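Asker: sequence and predicted structure are below.
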Amino acid sequence: MQRYLFSRLLQSLLLMVGVLILVFFLVRLTGDPARLMMPRDASPEELEAFREAMGFNEPLHRQFFSYMGGAAVGDFGRSLHYRAPAMRLVLERLPATLELALAAMAFALVFAIPLGIFGGSRPGGVWDTICRGVGLIGQTVPNFWLALMLIVYFSVQLRWFPTFGRDGLRSLVLPAIALGFFPLGKFTRLVRSAVLEVRSEDYIRTAYSKGLLDRRVYSHHIFRNVAVTLVSIVAVQFGYMLGGSIYIESIFAWPGIGRMINEAVQARDFPLVQAIAVFSACFVVVLNLLSDIAYALIDPRIRYEA
């Protein structure tokens, strides 16, 4: 187990370093950063003063070492729009985005797991038809369109939920449904496929031949194997929610990272965009590391095969 953890931790650290290097060069490959960040009508003197203030007039290797040194302590410069440390702004918005992502993930899992199990255990039946329908609709309906339809019906017509803002549990319901509908469809199809595959295994038939009840077979044998597959995709999908919540947070005026990156791009606030990109990528790497650990705890065979 220690060897498995060490190898995964080393891979995660290398990925984080790779993300930092990639972000550094991508910002500079787009052209002169000063011209991208400053207004188009800025004079040459203003551009030169900005380059000197941001360190863009130094040799590239000095810029790189300065950037990596700042990244090691979480310093990505000051936001040009908010006039505050970029990483501090990201961390201030993180709780709102985590709250929305966790609510959306809970919504997806609470409905996807029972639907997938019922559909996979009764192929061709009513539950299987419902399961496949939910999976298809969930993965084809655009979340921004769904968000608008939820606002029109539940907020404007029925007045059950507020249309925007973060003010209590009621304001969380609609954005969580809009953000969690795609993973709901994905998880439903995944659980159904995993149940169908596991049900045909020899050890499942052996469990039934011993006289075990359906509930025990599903809880002790089928669902445990389904969980191995589900754990890996949940972590990846949760990372996608953090980065893919731009439209949902903008539509519902949710004060999270997704809405802030939209504002930062429009304001050409590259230090803030850079901080968000690095933070989001590193967050996904950490989630993948945690999913690998959970994967090994659920299925001990993995840690010996690694």
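Answerer: Sure, I can see it. Residues are numbered from 1 along each chain as shown.

Asker: contacts only, for residue 23.
Answerer: 274, 277, 278, 281 (C-beta atoms under 8 Å, 6 or more residues apart in numbering). Where you see a C-beta, it was placed from the backbone N, CA and C, and this is true even at glycine.

Asker: repeat that for residue 282.
Answerer: Counted by C-beta under 8 Å, 6+ apart, residue 282 has contacts 16, 19.

Asker: and the pLDDT at it?
Answerer: pLDDT, residue 282: 82.

Asker: and residue 111, by the same measure?
Answerer: 90.

Asker: residue 194 touches residue 231, doesn't it?
Answerer: No: at 11.5 Å, residue 194 does not count as touching residue 231 under the criterion of C-beta atoms under 8 Å.

Asker: which of those two has more neighbours?
Answerer: Shown here are residue 194 and residue 231; by other C-beta atoms under 10 Å, residue 194 has more neighbours (21 against 18).

Asker: may I ask which helix or strand encompasses that one?
Answerer: Assigned by DSSP states H and E, residue 194 belongs to helix 170-199.

Asker: tell me the buried residues in that helix?
Answerer: 171-195, 198-199 (16 or more other C-beta atoms under 10 Å).

Asker: after the helix or strand that contains residue 64, next one along is what?
Answerer: Element membership for residue 64, per DSSP H and E: helix 60-72. Counting by DSSP H and E, the next helix or strand C-terminal to helix 60-72 is helix 86-121.

Asker: that next one vs helix 170-199, what angle?
Answerer: Interaxial angle, helix 86-121 versus helix 170-199 (axes from the mean of the first three to the mean of the last three C-alpha atoms, to 10 degrees): 50 degrees.

Asker: helix 86-121 versus helix 60-72: what angle between them?
Answerer: Using the same axes, to 10 degrees: helix 86-121 against helix 60-72 is 70 degrees.

Asker: what residue ranges in the stretch 101-250 of the chain score low on pLDDT?
Answerer: The model of the stretch 101-250 of the chain has pLDDT under 70 over residues 199-224, 243-244.

Asker: hmm, residue 241 is touching residue 101, no?
Answerer: Yes: using C-beta under 8 Å, residue 241 is in contact with residue 101, at 4.2 Å.

Asker: which residues do those two both contact?
Answerer: residue 179.

Asker: and the two? Which one has more around it.
Answerer: More crowded of residue 241 and residue 101, by other C-beta under 10 Å: residue 101, with 26 against 23.

Asker: using the record's assignment, carve the protein into domains.
Answerer: Domain assignment of the chain by automatic domain parsing yields the ranges 2-72, 91-305.
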